[in-house]
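Novice: have a look at this prediction, sequence included:
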Amino acid sequence: MGVSDTTKGKSSWWVDLLKVGGAGATIALIALLVVVLDGPRAEVQPAQADIWDVFLSQSNKHENFMRALQKEGMSAPREYDYNGNRVYFSHATTSESPREVLERFQRAFVREGVNKIEHHTVREPVAVEDTHDGETFMQAMAGADELFSGGLIPVENTRNYMAMVGAETKKGAADWKEAIVEMQGGAKTPEDTVRALRYVDAFREEGSLNTTITAVWSDQALDLSKFRNHAPGSVHPFEYKVPVCTGCTRVSRISGTEEEAGIHAILYRSPNSINATLGFYEREMARYGWELEPVMRGLAAMQRERSAPYEVSQVRSYSREGYTLTLIVYRDSYDGQTYVSMQSAR
């Protein structure tokens with residue numbers, strides 16, 4: 001029996017979902033800045049336990065996931081505004097390997113009702129056109145229910161790195177079949193279908209005895225359309241305090257809340273070279289009231305005279321009205337494009 005017409009054209013749904021899940025990795029990288037600033041926390045302090053209690057008042061996949069994190073010794077969640085969405089992250093350090101962390105967390109997810117079964121094998125997404133008939137497609141999707149129903153499955157599992165990702169649909173699909181039905185009911189992309197994402201990873205440097213665990217998750221009102229460039233509701237007032245380089249598109253913006261309301265991290269993709277992009281900011285930052293830090297002036301002068309290299313990346317530090325801002329212009333080794341990273345704190 002061939003694949004039905006209703007499933008044709010939907011082949012990229014699982015593939016796209018895993019790519020969307022990769023957005024958690026972007027948040028995790030920013031979250032690691034806080035890990036570095038705070039240092040490792042081996043235990044959950046009493047005040048942190050109180051914060052957990054605020055979240056763990058109900059029993060559903062969202063609360064069950066956080067309960068599992070708490071019981072596994074993760075730090076109290078911090079809330080951030082990510083492109084207008086509410087996201088949280090938590091972290092911990094351990095002497096376990098990333099693979100041992102995966103095994104421990106899979107047990108915890110089953111225990112707390114997040115997963116139905118433990119998953120230790122990386123599942124590769126299979127497109128419909130790569131299956132020959134309905135039976136092959138069913139076999140390819142077998143075991144993928146957790147991915148669509150709020151559980152987490154491994155998408156990376158190596159000696160020094162592991163990552164797990166999961167999602168919930170807006171109508172609360174219980175398995176991949178219900179997710180497909182939901183998609184066929186009008187939703188065309190993960191953007192239309194997903195209401196929550198969860199991401200957990202663990203990594204250790206080669207030769208290190210410590211592994212860092214990072215968990216990143218959204219609330220249950222995730223709006224993936226806000227990941228479009230300057231989508232309505234995704235722009236923070238701070239973004240109007242800094243210039244946007246010519247032709248650039250915003251990749252992401254994450255801002256702190258409450259006590260961390262003065263923290264912002266913005267990432268732009270530039271169609272121009274490092275030199276051209278840096279030149280734009282050297283001209284325009286002053287027009288926006290940002291003053292170059294004195295320690296950077298000598299370096300900037302040397303680079304303008306070509307006595308210091310600046311083909312790979314550039315760093316500038318600025319200040320304005322109690323804010324400090326670090327500007328990094330660099331070329332990504334993976335896609336070869338120029339990016340602008342802004343990290344500001346008050």
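Specialist: Thanks, I have it.

Novice: what mean pLDDT does the helix or strand hosting S90 have?
Specialist: Assigned by DSSP states H and E, S90 falls within strand 85-94. Averaging pLDDT along strand 85-94 gives 90.

Novice: so what does it touch, helix or strand wise?
Specialist: helix 23-38, strand 78-82, strand 211-218 (3 or more C-beta pairs under 8 Å, 6 or more residues apart in numbering; DSSP states H and E). The way it works is simple: take the backbone N, C-alpha and C, and place the C-beta from them, glycine included.

Novice: lowest-confidence stretch among the ones you listed?
Specialist: Among these, helix 23-38 carries the lowest mean pLDDT, at a mean of 40.

Novice: related to what we said a few turns ago, give me the angle between the strand holding S90 and strand 211-218.
Specialist: 160 degrees (axes from the mean of the first three to the mean of the last three C-alpha atoms, to 10 degrees).

Novice: using PDB, list the CA coordinates for strand 85-94.
Specialist: Coordinates of each C-alpha in strand 85-94 appear next as PDB, following Å, rounded to 0.1, in the frame of the first residue of the first chain:
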ATOM      1  CA  ASN A  85       8.300  34.500  24.000                       C
ATOM      2  CA  ARG A  86       8.700  33.400  27.700                       C
ATOM      3  CA  VAL A  87      11.500  30.900  28.100                       C
ATOM      4  CA  TYR A  88      13.300  29.400  31.100                       C
ATOM      5  CA  PHE A  89      16.600  27.800  31.700                       C
ATOM      6  CA  SER A  90      18.400  25.900  34.400                       C
ATOM      7  CA  HIS A  91      21.800  24.400  34.700                       C
ATOM      8  CA  ALA A  92      24.000  22.100  36.800                       C
ATOM      9  CA  THR A  93      27.400  20.500  36.800                       C
ATOM     10  CA  THR A  94      28.300  16.900  37.400                       C
END
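
Novice: next secondary structure element downstream of that strand?
Specialist: Sequence-wise, the next helix or strand downstream of strand 85-94 (DSSP H and E) is helix 98-111.

Novice: tell me what angle the strand holding S90 forms with strand 78-82.
Specialist: Using the same axes, to 10 degrees: strand 85-94 against strand 78-82 is 140 degrees.

Novice: partner strands of strand 85-94 and their direction?
Specialist: According to DSSP bridges, strand 85-94 forms sheet pairs with strand 78-82 (antiparallel), strand 211-218 (antiparallel).

Novice: can you list the buried residues in the first one?
Specialist: Along strand 78-82, the positions that meet the burial threshold by neighbour count (16 or more other C-beta atoms under 10 Å) are 78, 80-82.

Novice: how close does the closest residue to R204 other than its chain neighbours sit to E118?
Specialist: Among residues not flanking R204 along the chain, T211 sits closest, at 4.2 Å (C-beta to C-beta, 6 or more residues apart in numbering). Note on T211: its distance to E118, by C-beta to C-beta, to the nearest Å, is 19 Å.

Novice: for the strands paired with strand 85-94, which one sits closest to I153?
Specialist: With C-beta to C-beta, the closest approach to I153 among the strands paired with strand 85-94 belongs to strand 211-218: 14.9 Å.

Novice: moving C-terminal of that closest one, what's the next helix or strand?
Specialist: Where DSSP H and E defines the elements, the next helix or strand beyond strand 211-218 is strand 249-256.

Novice: what's the next secondary structure element after that next one?
Specialist: Toward the C-terminal end, the helix or strand that comes next after strand 249-256 (DSSP H and E) is strand 264-270.

Novice: per-domain residue ranges of this structure.
Specialist: 12-224, 237-345 (automatic domain parsing).

Novice: quick one: end-to-end distance for the shortest one.
Specialist: According to C-alpha to C-alpha, to the nearest Å, domain 237-345 extends 14 Å from its N-terminal end residue to its C-terminal end residue.
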